[in-house]
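Asks: Got a predicted model here, sequence first, then my questions.
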There are 2 protein chains.
Amino acid sequence: MERSAQQITRAILEEPLSLWELLPLTGNDATACVSALQNLLTSGLVTRQGNKFALTPAGRERAREMKLTSTPDLTCPACEGKGLVPQVFFSQVETELAELAHRRPDMKAEFDQGCVRVADSLGRVLVMYRQGDLEGREILFLGDDDLTSLAAALTGLPAGITVLEIDPQLVAFLRTVAQERGWENLRVREYDVRNPWPEDLHGQFDVAVTDPVETRAGFTLFLSRATEGLRGPGTALYFGLTRLESDLARWGYFQQTLLQMGWVITEILPSFHRYHLPGWQFVLEECPGAVELDPGAPSPGASWYTSSLVRLEAPGELRPAHTGEVRLGAELYVDGH
Amino acid sequence: MERSAQQITRAILEEPLSLWELLPLTGNDATACVSALQNLLTSGLVTRQGNKFALTPAGRERAREMKLTSTPDLTCPACEGKGLVPQVFFSQVETELAELAHRRPDMKAEFDQGCVRVADSLGRVLVMYRQGDLEGREILFLGDDDLTSLAAALTGLPAGITVLEIDPQLVAFLRTVAQERGWENLRVREYDVRNPWPEDLHGQFDVAVTDPVETRAGFTLFLSRATEGLRGPGTALYFGLTRLESDLARWGYFQQTLLQMGWVITEILPSFHRYHLPGWQFVLEECPGAVELDPGAPSPGASWYTSSLVRLEAPGELRPAHTGEVRLGAELYVDGH
């Protein structure tokens, strides 16, 4: 049995689940998950119960033959699977970050926004802290709808923080917070990744953090721009990447692209981020057949859309894939245009 | 300040530490760690106190300028950083695995042996379980001094388990356990990775687990052999990899090799395994200058040598780097021969 089908069968051994509850559990891309669910329906192993999916007697028999089990989620409840827990001054950072996040401007679908939970932004900073990528470092945030720059600034540890962000409202919000707090080392600029990298920011940073769009062209452009900003050997780069939007072959393309730019992958932490999304229609639109599987039920909330945290480190000189202006239209956000 | 030097400085802000305590904390290879420690000594930022290293007043001043902090380890105590905790029947598996591990034959330096803790072998199985790589799967263990095959067998979930192992004593031990337990689906064969892959085991497995030597030639050979055993699209491969023995450039070489064979990296979980090692002299021998930093103190035990858990998955056909016999002598275990 193919991986997605097996993971769906395991997930509904105890109780029926909706498409949205199944998507994050298969460890596969949304198209593969939708296709697997359709196959299970067609072959009579799964049946529809309202907006949920359940095993038929034949499906239950197949699960028994395959020795599939249903046990509680093994994800560590203490760290939510992150492996790190906020202690000492990080606990205070989490409280203050949550207060700031309440004031953030609305997320905008036109910029592919959708932000992670406060605990996930802080979690990124904990990973950076462990690796020595926080204290005394010059840190670049290329896009920051997750407010991770504020999590980093609240620790008081980085030497400097620079945010380049396309959304003028978010730029204004971050500037306001910096002013209120008297953070002179937090600088914010409006920037569109299609424009040339700012002259004065070439090779200026020790660490970069970004959350790229996941089209081939868009991903390469985001990662290339962040690379332009970094000093070179010994620098580190963090980004989020989903299995839901990007299938395994695309992950392979991304990894090849990163190695060609001179990066080495040091960590890939699965399901590290859980998103608040302004909409979920894009899954229905991009996956053939998904509309038929969703009878108009609302998205089950924050937890269905997850992404991995990836850390890169440079052993030597870096080679950005792009320099100068890059003319990308809709293919920045949608593949195949 | 370079990464290793910064991580050493952070680590000894509160109390002096030995070379062995510092090695796993820098997130860098042993040679870089030794070199950084020598530089800190030479530049007067660090001083020797018996077999430990402490900050000098100048080092403390430098740490203050760099805003370096000393806080408790943020590693989650509930899961030891693994992100997963053994529950329900996995707790019983851990107890039984510990009993079996007491009876294992001694580790042998000639086979580059050195086994991980019982909790780490079980942890691998938890990651496999999460990903659907355990239940109903045909699993290959290429080398098994960590006894992970027994952890998998104790769950009762895999369809079949095949161990290929070079050490005749370990082969005998695993066969004895299989017989005592009546595990007919656990098969064990003696095998040296330099020999051609067994004809009857080509493309037979859904999942493979190995713990390769970390020379360029040896790593490629181990991963290539495991790849020969796997079915192809959708199959998964797990292995351990250290930062201590392999520097970042070598990680890059390994990642390039894996992508060329058709693999994609889906997870890299740092410091997942902690080893019991029969000896530690190899670090002193392989790192220029390390002998001068170790005034004969014993190794501080199991925790200094750690490795990451890496998971690969195949989007399409696999292309092993080697087939047939491979004539490797000492360069299997030591680079540069």
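Replies: Great, that's in hand.

Asks: The stretch 51-200 of chain A against chain B: which residues are in contact?
Replies: By CB under 8 Å from any CB of the partner chain, the residues of the stretch 51-200 of chain A that approach chain B are A:66-69, A:71-72, A:74-79, A:81-90, A:126, A:129-132, A:135-136, A:156-157, A:159. From N, CA and C alone the C-beta is placed, and that goes for glycine too.

Asks: those strands in chain A, which residues are they?
Replies: A:17-18, A:46-49, A:52-55, A:115-116, A:138-142, A:160-165, A:186-190, A:207-210, A:236-241, A:264-276, A:306-313 (DSSP state E).

Asks: Let me have the ones you listed in a markdown table, extended by mean neighbour count and mean pLDDT.
Replies: Formatted as a markdown table, the strands of chain A follow (neighbours: other CB atoms under 10 Å in any protein chain shown; pLDDT from 0 to 100):
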| stretch | mean neighbour count | mean pLDDT |
| --- | --- | --- |
| strand A:17-18 | 19 | 90 |
| strand A:46-49 | 16 | 95 |
| strand A:52-55 | 19 | 95 |
| strand A:115-116 | 24 | 86 |
| strand A:138-142 | 25 | 98 |
| strand A:160-165 | 24 | 98 |
| strand A:186-190 | 17 | 98 |
| strand A:207-210 | 26 | 98 |
| strand A:236-241 | 23 | 98 |
| strand A:264-276 | 21 | 94 |
| strand A:306-313 | 23 | 97 |
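
Asks: Among those strands, which comes closest to B:Gln38?
Replies: The minimum distance between B:Gln38 and the strands of chain A falls on strand A:306-313, with 22.1 Å, by CB to CB.

Asks: which residues sit against the closest one?
Replies: Outside of strand A:306-313, the residues within contact range by CB atoms under 8 Å, 6 or more residues apart in numbering or on different chains are A:24, A:116, A:123-124, A:127, A:131, A:234-244, A:258, A:263-275, B:248, B:267.

Asks: mind showing which ranges of chain A have poor pLDDT?
Replies: A:278-281, A:295-302, A:335-337 (pLDDT under 70).

Asks: where along it do the helices fall?
Replies: Assigned by DSSP state H, the helices in chain A fall at A:3-11, A:19-22, A:30-42, A:57-65, A:89-101, A:118-130, A:148-155, A:168-181, A:216-229, A:248-260, A:281-286, A:290-293.

Asks: what about these, which gets the closest to B:Asp112?
Replies: Comparing those by their distance to B:Asp112 (CB to CB), the top pick is helix A:248-260, with 26.9 Å.

Asks: Could you break chain A into its assigned domains?
Replies: According to automatic domain parsing, chain A comprises the domains A:3-65, A:89-281+A:296-321.

Asks: from memory A:Gly123 sits against A:Gly81, does it?
Replies: No. In this structure A:Gly123 lies outside contact range of A:Gly81 using CB atoms under 8 Å: 9.7 Å.

Asks: residues near the residue lying closest to A:Leu170 once chain neighbours are set aside, how many?
Replies: Using CB to CB, 6 or more residues apart in numbering or on different chains and skipping the chain neighbours, the partner closest in space to A:Leu170 is A:Pro105 (5.9 Å). A:Pro105: 15 surrounding residues under other CB atoms under 10 Å in any protein chain shown.

Asks: got the contact list for A:Pro105?
Replies: By CB under 8 Å, 6+ apart, the contact set of A:Pro105 is A:Asp167, A:Gln169, A:Leu170, A:Ala172, A:Phe173.

Asks: Can you list phi and psi of the first one for me?
Replies: The phi/psi pair for A:Asp167 (degrees, to the nearest 10) reads phi -90, psi 110.

Asks: any idea how far it is from A:Asp106?
Replies: Separation of A:Asp167 from A:Asp106 (CB to CB, to the nearest Å) stands at 10 Å.

Asks: between these two, which one's more packed in?
Replies: Taking neighbours as other CB under 10 Å, A:Asp167 and A:Asp106 compare with A:Asp167 leading, 19 against 8.

Asks: Count residues in the vicinity of the closest residue to that one other than its chain neighbours, would you?
Replies: Nearest residue to A:Asp167, sequence neighbours excluded (CB to CB, 6+ apart): A:Phe111, at 5.4 Å. For A:Phe111, the neighbour count with other CB under 10 Å is 16.

Asks: quick one, what contacts A:Phe111?
Replies: When contacts are counted by CB under 8 Å, 6+ apart, A:Phe111 touches A:Asp145, A:Ile166, A:Asp167.

Asks: between these, which is nearest chain B?
Replies: Lowest distance from chain B to the contacts of A:Phe111 (CB to the nearest CB) belongs to A:Asp145, with 25.1 Å.

Asks: that older thread, just among the contacts of A:Pro105, which is most surrounded?
Replies: Ranking the contacts of A:Pro105 using other CB under 10 Å puts A:Leu170 first, with 24 neighbours.

Asks: So that one is in contact with A:Ser149, correct?
Replies: No. When contacts are counted by CB under 8 Å, A:Leu170 is not listed as touching A:Ser149 (10.3 Å).

Asks: near chain B, which residues of the stretch 201-337 of chain A show up?
Replies: For the stretch 201-337 of chain A, the residues in contact with chain B (CB under 8 Å from any CB) are A:234, A:243, A:247-249, A:251-252, A:255-256, A:259, A:263-270, A:308, A:313-316.

Asks: list the contacts for the closest residue to A:Leu244 other than its chain neighbours?
Replies: Nearest non-adjacent residue to A:Leu244, counting by CB to CB, 6+ apart: A:Ala30, 4.8 Å away. A:Ala30 is in contact with A:Leu23, A:Leu244, A:Glu245, A:Val283, A:Glu286, A:Cys287, A:Ala290, counting by CB under 8 Å, 6+ apart.

Asks: re earlier: list just the nearest of the contacts of A:Pro105 to chain B.
Replies: Among those, and counting by CB to the nearest CB, the member closest to chain B is A:Phe173, at 25.8 Å.

Asks: Give me the nearest residue to the closest one, chain neighbours excluded.
Replies: Going by CB to CB, 6+ apart, A:Phe173 has A:Pro105 as its nearest residue, at 5.4 Å.

Asks: what does A:Met128 give?
Replies: Distances taken as CB to CB, 6+ apart put A:Leu134 closest to A:Met128, at 4.5 Å, once the chain neighbours are dropped.

Asks: Does that neighbour touch A:Ala152 like I think?
Replies: Yes. With contact defined as CB under 8 Å, A:Leu134 reaches A:Ala152; the gap is 6.6 Å.

Asks: Now the common contact residues for those two.
Replies: A:Val125, A:Met128, A:Pro158.

Asks: count of residues packed around the second one?
Replies: For A:Met128, the number of neighbouring residues by other CB under 10 Å comes to 25.

Asks: again, but for the last one
Replies: Close neighbours of A:Pro158, defined as other CB under 10 Å, add up to 24.

Asks: Kindly report the same for the first one.
Replies: The local packing count at A:Val125 equals 30, with neighbours defined by other CB under 10 Å.

Asks: need the contact list for it.
Replies: A:Val125 touches A:Phe90, A:Val93, A:Leu134, A:Thr148, A:Ala151, A:Ala152, A:Thr155, counting by CB under 8 Å, 6+ apart.

Asks: distance of the residue nearest to A:Leu244 from A:Arg243?
Replies: Per CB to CB, A:Ala30 is found 9 Å from A:Arg243.

Asks: can you check A:Asp120 too?
Replies: The value you get for A:Asp120 to A:Arg243, if CB to CB is used, is 16 Å.

Asks: So those two - more neighbours on which side?
Replies: A:Arg243 (25 against 22).

Asks: check contacts around the more buried one.
Replies: Applying CB under 8 Å, 6+ apart, the residues contacting A:Arg243 are A:Gly27, A:Asn28, A:Asp29, A:Trp251, A:Ser308, B:Thr266.
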